[in-house]
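Asker: Would you be able to build a 3D model of this:
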Amino acid sequence: MIVRVVHDDATSASFDLGDGLTLAATSRGAWANDLVVRVEHPNADLGLDDPLMFHLLVGRGIGVDFVAFEEHRQLSVDPDSARYVRRVLRARSRSVEVSTDPVVRPGVGDAMRTDGADGDAPSEGEMEAAFDRLRFADTVNLICVPPYAADGGSPAPSVYAAALVVALDLRAMVLVDPPDAWGDVATAALMTGITSLQSANVVMTYPAVRAFDPVRDGLERTFAPSPFFAGLVSRTDATRGVWVSPAGLDGQLRGVTELEQPLTEAEIGQLNQRGVNALVRRGVAGPVVWGSRTSLGADTRGSEWKYVAVRRLALYIEESLRRGLQWAVFEPNDGPLHAQIRGAVGDFMQQLFRQGAFAGSQVREAYDVKCDLETTTPEDAARGVVNIIVRFAPLKPAEFVVLTFQQMAGQAGS
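Answerer: Modelled structure (predicted):
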């Protein structure tokens, strides 16, 4: 999911089709300035033309070079029609919407356009408010906040902090890019300027990367690393599993041509020991991630959430069980329910065990599930809560991690 944020002074591109019909880009900014909106009349050459109907094409290019990527056919200017232009565009178009309703059918041809403008960079408050829109997404695993100022400056710590609030609620990870102040390894290792972002749900990388920019004729330029790292995480999840560290020789940053700063082995160790993941070049593998720690991963902390893979596996289990146990809400909160929950959670954990998500060669070494009258007291049952304890041994480190859940149950009378 991409959340687009614009400053208050940004304006939308508009398209005047004549005869009272005006369209506007679906969001503000200069992104729509190269769009072309074209009107055609169906069957006019056959003498079967309906004076209320028209085709609307959205694309790019002039004259014979026009290529449409949206085609909305058999539109009507009749508000009572199922194909009324405003109704169809609202449901089907990702590019334009009706801003002024038509009086009659617009004439054939390309619309006159008024350009939109991006305006100034979004304020910190506008950025922070945008994160709440992520709550409407079905699933959010990673949150990236790429540079949004015209000069490519890094987001303020308060912006990342707002992202972290939402990430904790959604069981997601925030990928933090190197701030502008991190001009050298020593500064990065101290996490200068963002020490408030030390959290099990934060991943930091260093340094910035270089890649070809498709919107600047393929010229190479500097980018924040988080989008490339997010791609690596997604690829690792799909091919190997969320419990595998997105790092090492398999942790290639695809699309990256070079790193902004080469790192020595000593500097790599210095960063990793402080919970910052180093990006390095490794022979034929090219640029890779060499470290997989959360921002709580400093050796001196001894956190159980030291490693990204361990934290993400725990979040995955929590979210999966939250969704998978919703059926229990209206069941009587008693022994049979507890047995059903143990069976359902056990089946899920067994699947993960078979896929190699846990350390240990036997189930008792890998995980266990507890849900009974010991975990759920009569007082808990009276409050409509059933407590579930899940313990699992992650692949790294090989120590048990304990998760405690509360599931609503016995709500039939509410």
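Asker: Show me the domain layout of this structure.
Answerer: 14-114, 124-305, 325-408 (automatic domain parsing).
Asker: Residue 313 is nearest to which of these?
Answerer: domain 124-305 (4.5 Å; Cβ to Cβ). C-beta here means a position set from N, CA and C on the backbone, and glycine is covered the same way.
Asker: so how far is the first residue of the closest one from its last?
Answerer: Start-to-end span of domain 124-305 (Cα to Cα, to the nearest Å) is 29 Å.
Asker: avg pLDDT for it?
Answerer: Domain 124-305 comes out with an average pLDDT of 90.
Asker: how far does that domain sit from the chain's center?
Answerer: 13 Å (Cα atoms, centre = their mean, to the nearest Å).
Asker: Equivalent analysis for stretch 351-366, please.
Answerer: 29 Å.
Asker: which parts of the longest strand along the chain are buried?
Answerer: The single longest strand within the chain, with elements called by DSSP state E, is strand 67-76. Within strand 67-76, the residues that count as buried by 16 or more other Cβ atoms under 10 Å are 68, 70, 72, 75, 76.
Asker: ok, back up a step: which among the domains of the chain is found nearest to residue 316?
Answerer: domain 124-305 (4.9 Å).
Asker: rewinding a little: please identify which of the buried residues of strand 67-76 is nearest to residue 267.
Answerer: Ranked by distance to residue 267 (Cβ to Cβ), those are led by residue 70 at 49.8 Å.
Asker: so which strand or helix has the closest residue to that closest one other than its chain neighbours?
Answerer: Spatially, and ignoring its direct neighbours in sequence, residue 70 is nearest to residue 58 (4.0 Å; Cβ to Cβ, 6 or more residues apart in numbering). Counting by DSSP states H and E, the element that carries residue 58 is strand 53-60.
Asker: List the buried residues for stretch 17-32?
Answerer: Applying 16+ other Cβ under 10 Å to stretch 17-32 flags 17-18, 21-32 as buried.
Asker: ranges for the helices of the stretch 201-350 of the chain?
Answerer: With helices called from DSSP state H, counting those that start in this stretch, the stretch 201-350 of the chain shows them at 226-239, 265-273, 308-324, 335-354.
Asker: if we can go back for a sec, just checking, what packs against the longest strand of the chain?
Answerer: The contact analysis (3 or more Cβ pairs under 8 Å, 6 or more residues apart in numbering; DSSP states H and E) places strand 67-76 against strand 53-60, helix 85-92.
Asker: which of these is buried the deepest?
Answerer: strand 53-60 (a mean of 20; mean count of other Cβ atoms under 10 Å).
Asker: Can you give me the end-to-end span of stretch 299-307?
Answerer: Stretch 299-307: ends 11 Å apart by Cα to Cα.
Asker: do the same with stretch 195-203
Answerer: Termini of stretch 195-203 sit 13 Å apart (Cα to Cα).
Asker: can you list the residues that contact that stretch?
Answerer: 157, 160-161, 164, 167-168, 172-176, 191, 204, 229, 275, 277, 293-296, 303, 305, 308, 311, 315 (Cβ atoms under 8 Å, 6 or more residues apart in numbering).
Asker: Residue 344 and residue 331, how far apart?
Answerer: 12 Å (Cβ to Cβ, to the nearest Å).
Asker: Sorry, wrong one. I was asking about residue 52.
Answerer: For residue 52 relative to residue 331 (Cβ to Cβ), the value is 56 Å.
Asker: Give the partner strands of the strand holding residue 58 in its sheet and their orientations.
Answerer: strand 36-40 (antiparallel), strand 67-76 (antiparallel) (DSSP bridges).
Asker: pLDDT for the buried residues of strand 67-76 - can I get that in TSV?
Answerer: Listed next are the buried residues of strand 67-76 as TSV, based on pLDDT from 0 to 100:
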residue	pLDDT
68	95
70	96
72	96
75	94
76	93
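Asker: Now distance to residue 135 too, for those, in JSON lines please.
Answerer: Converted to JSON lines, the buried residues of strand 67-76 look like this (distance: Cβ to Cβ, whole Å):
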{"residue": "68", "distance to residue 135": "35"}
{"residue": "70", "distance to residue 135": "29"}
{"residue": "72", "distance to residue 135": "31"}
{"residue": "75", "distance to residue 135": "34"}
{"residue": "76", "distance to residue 135": "37"}
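Asker: Closest one to residue 353 out of those, please.
Answerer: Out of these, the member with the shortest distance to residue 353 (by Cβ to Cβ) is residue 70, at 47.4 Å.
Asker: isn't that closest one right up against residue 59?
Answerer: Yes - at 7.2 Å, residue 70 counts as touching residue 59 under the criterion of Cβ atoms under 8 Å.
Asker: list residues touching both of the two?
Answerer: What both residue 70 and residue 59 touch, as defined by Cβ under 8 Å, 6+ apart, is an empty set.
Asker: count of neighbours near the closest residue to residue 276 other than its chain neighbours?
Answerer: Using Cβ to Cβ, 6+ apart and skipping the chain neighbours, the partner closest in space to residue 276 is residue 204 (4.9 Å). For residue 204, the neighbour count with other Cβ atoms under 10 Å is 29.
Asker: do the same with the one 3 residues further on
Answerer: Close neighbours of residue 207, defined as other Cβ under 10 Å, add up to 22.
Asker: State the distance from it to residue 282.
Answerer: 15 Å.
Asker: repeat for residue 362
Answerer: In terms of Cβ to Cβ, residue 362 sits 36 Å off from residue 282.
Asker: Then residue 359?
Answerer: 26 Å.
Asker: So these two - more neighbours on which side?
Answerer: Higher neighbour count among residue 359 and residue 282: residue 359, with 18 against 13, using other Cβ under 10 Å.
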